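S.K.: sequence first, predicted coordinates after that:
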Amino acid sequence: NPHQVQGFVHDKGGKILATLLGKWDESIHFVKGDATAKPKGYDALSEATVLWKKNKPAQFPTRYNLTSFAITLNELTPELKEKLPPTDSRLRPDQRHLENGEYDKAFAEKLRLEQKQRQARKLQERGWQPRWFCKENEKDTYEYTGGYWEAREQGKWIDCPDIFGSGLPAALHE
């Protein structure tokens, strides 16, 4: 079955501690130990713990058939808004227009943001650096350097560009 998934949790020595299995579009389960090493005919799901299960479809589906969980991911409460950096995607004006059914405004705003992103990309080619991460030597990975959670706690996003505003971010002009 192409929807079937399986994975393992290993300790530092490589020993399998648990098996994760299920269907990516239905449910994922946890079984202690190596479920593949059990005797033939063993039903791993008989001892499994459900980690995730797909929600039932909404009684009144949204325009894009989003689940209730997916909709909450973009919810923007006043308490949350005051903690978010100006770069958080939940602040995208085009997305808000789309959610409100203002499709013409959403499209116009999307075009404006794309133009702004192209201009910012040209400025970034001069040596822009990520704010809270640094590249690890010659690897393609980045390491967190700190500062994000402290800024969030204080609600102070000094030098954090307003990427959705009307002009180019001041930090990119430097």
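M.R.: Great, that's in hand.

S.K.: quick check: buried residues in stretch 97-110?
M.R.: Using 16 or more other CB atoms under 10 Å as the test for burial, stretch 97-110 gives H97, L98, E99, A106, E109, K110. Every C-beta, even on glycine, is put in place using the N, C-alpha and C of the backbone.

S.K.: and the residue lying closest to the third one once chain neighbours are set aside, how far from S46?
M.R.: On the basis of CB to CB, 6 or more residues apart in numbering, the spatially nearest residue to E99 that is not a chain neighbour turns out to be N74, at 7.3 Å. Look at N74 and S46: by CB to CB, to the nearest Å, they are 38 Å apart.

S.K.: quick one, which of these two is more surrounded?
M.R.: N74 (13 against 7; other CB atoms under 10 Å).

S.K.: quick check: that one touching R90?
M.R.: Yes - using CB atoms under 8 Å, N74 is in contact with R90, at 5.7 Å.

S.K.: residue boundaries of the helices in this protein?
M.R.: For the chain, the helices defined by DSSP state H occupy 68-73, 78-81, 93-99, 103-124, 148-154.

S.K.: could you dump the helix-or-strand element of the chain with minimal mean pLDDT to PDB, C-alpha only?
M.R.: Ranked by mean pLDDT, DSSP states H and E, the weakest helix or strand in the chain is helix 68-73, scoring a mean of 75. Only the C-alpha atoms of helix 68-73 are listed here, as PDB (Å, rounded to 0.1, in the frame of the first residue of the first chain):
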ATOM      1  CA  SER A  68     -10.400  22.500  11.800                       C
ATOM      2  CA  PHE A  69      -6.800  21.900  12.900                       C
ATOM      3  CA  ALA A  70      -5.400  23.500   9.800                       C
ATOM      4  CA  ILE A  71      -7.600  26.500  10.300                       C
ATOM      5  CA  THR A  72      -6.400  27.000  13.900                       C
ATOM      6  CA  LEU A  73      -2.700  27.000  12.700                       C
END
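
S.K.: with that, I have no additional questions.
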